[in-house]
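>>> okay, here's the prediction I keep looking at, along with the sequence it came from:
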Amino acid sequence: MSEVALKEVATRRGSTAWLRAAAPWTLAILVILVLPHLLTTSFDRTLLIEMGIAIIFAAAYNMLLGETGMLSFGHAIYFGLGGYTAIHVLRFIAAGLLFPVALLPLVGGIGGLFFGLLFGYLSTRRAGTAFAMITLGLMELVVALALIFDHLFGGEEGISGNRTSGPELFGIRFGSQTQVYYLIAVWMLASLALMRAFTRTPVGRLCNAVRDNPERVQFLGYDPSRIRLIAFAVSSFFAGVAGGLFAVNYELMAINSLGAERSALVLLMAYIGGIGSFLGPILGAVLVTFLQVALSDYTQAWLLYLGLFFVLVTLFAPNGLIGLVLMHGPIARAGLLHRLVAPYAMALIPVLLLAAGTIALVEINYRLAIRPELGAAMKLFGVSFDAKGAAAWIASLLLVGLGFWGLRLIGPRVSARWGEMLEEARA
Amino acid sequence: MELVVFSLLNGVLYGLLLFMLSSGLTLIFSMMGVLNFAHASLFMLGAYLAYQIGRYTGFWPGLVLAPLIVGLLGAAIERWGLRTVHRFGHVAELLFTFGLALLIEELVQLVWGRAPVPYTVPPSLDFAAFTLFGTTYPAYKVFMVLVSVGMFALLGLVLTKTRVGLIIQAALSHPDMVAALGHNVPRVFMLVFGVGSALAGLAGVIGGFALVTSPSMAHTLGPIVFVVIVVGGLGSLTGAFVASLLIGIVQTFAVAIDVSLIDLLARFGVTVARADIFYDLWKIKLAQLAPVLPYLLLVLMLVLRPRGLMGTRET
């Protein structure tokens, strides 16, 4: 091939690579623009806004857990402290400070960064299990101190502000939920792009190296604890951005925004989605937020279901849901996916039986233990029964038993089938 | 003087309770490299089970049965849970136990409700053991000390003097060699996990009536136990012992001393205005600060000696 032709191939390849990189972002922008026209109720909008904030937070968390291999049990303190910084600046704005409300998430990010550097300096001296325990201790410390400093944190009621009090910029005052939605969308896209870019920098690559083999990194002349601190600071910054958006949306920060529950939720989001890929935590954030909002309307036990689901993921799908999808990549490319439909449909039967039995047991117990005032007569899956009667118990135990037995019978065969397909796809 | 003696007694008692939890945790950690996040949840389960069994049979059978059940549950968790997750690495193991902790907390609410249960001191222990400075000291606290000390003595004897104990010690440092000698190392792991869990259960049985038996008790005590083992140095039993007593005594003293900086300044004739920005800081009473002290100790330890009191150096 002549040199000119080679160059042409190179540019053509370059342009497709560029296209391929831009495609997901274009798709994301399209989805963001279309969604508010499809989902118009206030409930839907709130859900979308919650998802946007959760996506930033989960992606930020994954900078730590997925990229650098640091497990934090208390990352909500950077979310919360960032949010508190933003809400205090919002109060200054109301008092006359000239600062655009649209930039408040940046203030939140700086707040998160500041505390991330402060606590990160202490905690990143250790790695692994000790680091995880230290993050837990620091979270308890911050929560306990926040309860003591009433003036700054407002105790249980929290600190409130007013986002419409700021100077008007291009006619936007953030009076409507739609304007907040677009503000969050812009910040989400920018944060995701920046985080994605960070993982491609040499520092981002070093983070991966520290995760995989810290000793080797040390031999290369880098200080692993320094790199851990950098990753921690970056992650805290974006957690703070998410907190700032939370403050703008709710115009209120309370102590529960920096406590154990939010820390646990973000961990669950990232891990259930899959910490091995950039898309995983985003998927997890969307799914868990949806479950949180949708399930909590139907059942009091949603946290139990979420916990159960999480334990199952740790046991059987360590790469998260995205890992399960990626597992089928080679098979789909070889055009063999349709041959897995039948075995998967077979496996679905015991899974559904097991799920139905478990849900029945949990709901019956919840009714009896937590809401006894509603009486023993209840309805589930369209069946009315007496929660105190033996029939309901026997039926649900039978369902669980049947499902479990069926899964033990079918499960190994299905996974063997998947293995065969993978072999065939590779051949 | 009275304050000092009683605070010391209560502090040692609290420290022993902490050590009952942290010793099992440390034993499991140094053997398998797994930090069992659900350890405090097993402690809670011990308290609830003792309460439930006690309703049918009275306190004493519960003292034996509850730790036994919790121990069996722990062994089951190791056998069917941790062993599966083990191949995915330590982070997955820690996350698995974290999920278990969430699950146990929810399940406890499912069975016993969200409010605390009335698990009280059994009548056979509800009398004054001795009188000191005109104040009586309850018998159940003496009983708690006796149980924990007796259990440590037993555990120490088993670990150092019996054949099983020697195999456990050997499997701690050289699991491959022990396996090559024909011992079933996974079963040893299961045993240790079970015994560690039973220890947590026992701590729950005797701690349940001294503290409040509610679904949040795991969440209140758990982080403190984790602080204990980090401050003591991960994997060091002696370190865990020293840190347990230290935190127990410091916290108990702080609760007993009801002084704030304002009171201290007032002694020197300085008064602080309410409008002062730092008023919140000045008005904090030492007793108010008591729950924070373990965590402050953690921060202090990280600044001065990151590897903990008796920990070995690591990355």
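Structure's in. What do you need?

>>> ranges for the strands of the chain?
Picking chain A for this. Ranges of strands in chain A, per DSSP state E, are A:159-160, A:252-253, A:377-380, A:383-386.

>>> can you look at chain B instead?
Chain-ordered strands for chain B, with DSSP E as the definition, fall at B:128-132, B:135-138.

>>> note down every partner strand of the first one and its orientation.
Paired strands of strand B:128-132, with direction, are strand B:135-138 (antiparallel) (DSSP bridges).

>>> surely residue B:179 and residue B:185 touch.
Yes - counting by Cβ atoms under 8 Å, residue B:179 does reach residue B:185; the two are 4.5 Å apart. C-beta coordinates here come from the backbone N, C-alpha and C atoms, glycine included.

>>> show me which of these two is the more surrounded one.
residue B:185 (19 against 14; other Cβ atoms under 10 Å in any protein chain shown).

>>> does that one touch residue B:178 like I think?
Yes - with contact defined as Cβ under 8 Å, residue B:185 reaches residue B:178; the gap is 5.7 Å.

>>> any shared contact partners between these two?
The contact sets of residue B:185 and residue B:178 overlap at residue B:171 (Cβ atoms under 8 Å, 6 or more residues apart in numbering or on different chains).

>>> where do the domain boundaries of chain A fall?
Structural domains annotated on chain A: A:23-317, A:329-426, as defined by automatic domain parsing.

>>> start to end distance for the longest one?
This stretch, domain A:23-317, spans 28 Å end to end (Cα to Cα, to the nearest Å).

>>> and the closest residue to residue A:426 other than its chain neighbours, what does it touch?
Excluding its sequence neighbours, the residue lying closest to residue A:426 (Cβ to Cβ, 6 or more residues apart in numbering or on different chains) is residue A:330, at 6.5 Å. Residue A:330 is in contact with A:422, A:425, A:426, counting by Cβ under 8 Å, 6+ apart.

>>> ok, the first one to residue A:327 distance?
With distances taken as Cβ to Cβ, to the nearest Å, residue A:422 is found 8 Å from residue A:327.

>>> looking at those two, which has the bigger crowd around it?
Comparing residue A:422 with residue A:327 by other Cβ under 10 Å, the one with more neighbours is residue A:422, at 17 against 13.

>>> so residue A:97 touches residue A:88, yeah?
No - look at residue A:97 against residue A:88 with Cβ under 8 Å: they stay out of range, at 10.6 Å.

>>> comparing the two, which residue is more hemmed in?
Ranked by neighbour count (other Cβ under 10 Å), residue A:97 and residue A:88 place residue A:88 first, with 17 against 12.

>>> highest average neighbour count across the strands of chain B?
strand B:135-138 (a mean of 14; mean count of other Cβ atoms under 10 Å in any protein chain shown).

>>> now it, how far from the centre of its chain.
Averaging C-alpha positions (Cα atoms, centre = their mean, to the nearest Å) puts strand B:135-138 25 Å from its chain's average.

>>> what are the contacting residues of it?
If you take Cβ under 8 Å, 6+ apart as the criterion, strand B:135-138 is touched by B:2, B:6, B:9, B:121, B:125, B:126, B:127, B:128, B:129, B:130, B:131.

>>> for that strand, C-alpha coordinates in CSV please.
Output in CSV follows, covering the C-alpha atoms of strand B:135-138 (Å, rounded to 0.1, in the frame of the first residue of the first chain):
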residue,chain,number,x,y,z
THR,B,135,-23.4,2.7,96.8
THR,B,136,-24.4,-0.8,95.8
TYR,B,137,-22.9,-2.6,92.8
PRO,B,138,-25.4,-4.9,91.0
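
>>> that one - what's its average pLDDT?
The average of the pLDDT scores along strand B:135-138 is 76.

>>> next one: stretch A:238-248
Stretch A:238-248 shows a mean pLDDT of 94 in the predicted model.

>>> quick one: name the residues of the stretch 151-300 of chain A near chain B.
Within the stretch 151-300 of chain A, the positions lying close to chain B (Cβ under 8 Å from any Cβ of the partner chain) are A:151, A:152, A:214, A:215, A:218, A:224, A:260, A:264, A:267, A:271.

>>> pull the most distant pair out of these.
A:151 and A:215 (46.9 Å; Cβ to Cβ).

>>> contact partners for the residue nearest to residue A:262 when sequence neighbours are not counted?
Distance criterion Cβ to Cβ, 6+ apart; nearest residue to residue A:262, sequence neighbours excluded, is residue A:76 at 3.7 Å. Residues near residue A:76 by Cβ under 8 Å, 6+ apart: A:139, A:239, A:257, A:258, A:259, A:260, A:261, A:262, A:263, A:266.

>>> before we move on, what about residue A:58?
If a contact means Cβ under 8 Å, 6+ apart, then residue A:58 has A:266, A:269, A:270, A:273, A:281, A:282, A:284, A:285 as its contacts.

>>> tell me how far the last one lies from chain B.
With distances taken as Cβ to the nearest Cβ, to the nearest Å, residue A:285 is found 17 Å from chain B.

>>> same question, the third one
In this structure, residue A:270 lies at 10 Å from chain B, with Cβ to the nearest Cβ as the measure.

>>> the nearest residue to that residue once chain neighbours are set aside: neighbour count?
Spatial nearest neighbour of residue A:270, chain neighbours left out: residue A:281 (4.2 Å); criterion: Cβ to Cβ, 6+ apart. By the criterion of other Cβ under 10 Å, residue A:281 has 31 neighbours.

>>> so residue A:281 makes contact with residue A:63?
No - using Cβ under 8 Å, residue A:281 is not in contact with residue A:63; the gap is 9.4 Å.

>>> okay, now residue B:250: neighbour count?
18.

>>> from residue B:310, how far off is it?
Distance from residue B:250 to residue B:310, by Cβ to Cβ: 18 Å.

>>> ok, residue A:40 next?
Counting by Cβ to Cβ, the gap between residue A:40 and residue B:310 amounts to 62 Å.

>>> between the two, who's got more neighbours?
A count of neighbours by other Cβ under 10 Å puts residue B:310 above the other of residue A:40 and residue B:310, at 18 against 10.

>>> so for that one, what's the pLDDT?
pLDDT at residue B:310 comes out at 74.

>>> wait, what's in contact with it?
By Cβ under 8 Å, 6+ apart, residue B:310 lies in contact with B:232, B:233, B:236, B:238, B:239, B:242.

>>> ignoring the adjacent residues along the chain, who's closest to it?
Excluding the flanking residues, the one nearest residue B:310 by Cβ to Cβ, 6+ apart is residue B:239, at 3.4 Å.

>>> so, low pLDDT: which residues of the chain?
No chain in the question, so chain A it is. A:1-15, A:166-172 (pLDDT under 70).

>>> to clarify, I was referring to chain B.
B:129, B:261-262, B:264-265, B:267-283, B:312-315.

>>> list the contacts of the closest residue in space to residue A:204 that isn't next to it in sequence.
Closest residue to residue A:204 apart from its sequence neighbours, by Cβ to Cβ, 6+ apart: residue A:198 at 5.0 Å. Counting by Cβ under 8 Å, 6+ apart, residue A:198 makes contact with A:63, A:204, A:234.

>>> so which of those are in helices?
A:63, A:204, A:234 (DSSP state H).

>>> out of those residues, who's nearest residue A:185?
If you rank the ones in helices among the contacts of residue A:198 by distance to residue A:185 using Cβ to Cβ, residue A:63 comes first, at 20.6 Å.

>>> in contact with the residue nearest to residue A:270, which residues?
Neighbour list for residue A:281: A:55, A:58, A:59, A:61, A:62, A:66, A:269, A:270, A:273, A:274, A:275 [criterion: Cβ under 8 Å, 6+ apart].

>>> correct me, but the residue nearest to residue B:310 touches residue B:308?
Yes - the pair residue B:239 / residue B:308 is scored as a contact, 6.0 Å apart, by Cβ under 8 Å.

>>> all good on my end, thank you.
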